[in-house]
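Asks: Okay, sequence plus prediction incoming.
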Amino acid sequence: MRELIRQNADAVRQMAMLEESLRQMTLRAEAADRGRAEAERSAAEALERAVKEAEAAKVEAVERARGDAISGFLAGGWRSEEHKQWLSSVVESSVDEWCDGPGVEWVSRKGKQYYDG
């Protein structure tokens with residue numbers, strides 16, 4: 001009977017050790033999940049900031065190029081509103097092409113570099 005009680009006590013101790021081990025593994029897994037979620041959130045925020053900065057740079061580039069081009073044409077005698085609108089559309093479409101192609105690739109590369117560390 002004493003042997004049976006001793007075996008039962010050993011089994012209870014082993015069960016308690018297994019439960020503690022499981023609890024520790026669960027805590028580590030939860031911490032890893034929180035860390036991963038924070039890293040993903042941080043990377044998403046960085047990519048969002050990069051996209052916003054690229055969009056702002058696009059707007060600034062369009063305005064600067066439009067102003068420079070219009071100033072140049074006005075100095076050369078291109079003063080009609082029709083000429084200004086045509087020139088503005090040419091400048092904007094050129095900047096749009098860059099931003100939709102190489103500009104997007106640049107933002108993607110920068111975002112990936114940030115995310116990959």
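Replies: Noted; the coordinates are in hand. What you see is a predicted model, and the numbers here were worked out from it, not measured in a lab.
Asks: give me the number of residues near residue 49?
Replies: Neighbour count for residue 49, taken as other Cβ atoms under 10 Å: 13. Backbone N, C-alpha and C define where each C-beta goes, glycine included.
Asks: So what's the predicted local confidence for it?
Replies: Residue 49 is assigned 89 on the pLDDT scale.
Asks: Over to the one 10 residues further on?
Replies: The predicted structure scores residue 59 at 81 on the pLDDT scale.
Asks: That one in helix, strand or coil?
Replies: helix (DSSP: H, G, I helix; E, B strand; the rest coil).
Asks: so where is the protein shaky, pLDDT-wise?
Replies: When residues are selected by pLDDT under 70, those of the chain lie in 69-84, 86-88, 90-117.
Asks: on contacts alone, who are the packing partners of the helix or strand hosting residue 42?
Replies: Using DSSP states H and E, residue 42 maps to helix 2-75. If you count contacts as 3 or more Cβ pairs under 8 Å, 6 or more residues apart in numbering; DSSP states H and E, helix 2-75 packs onto helix 81-100, helix 102-116.
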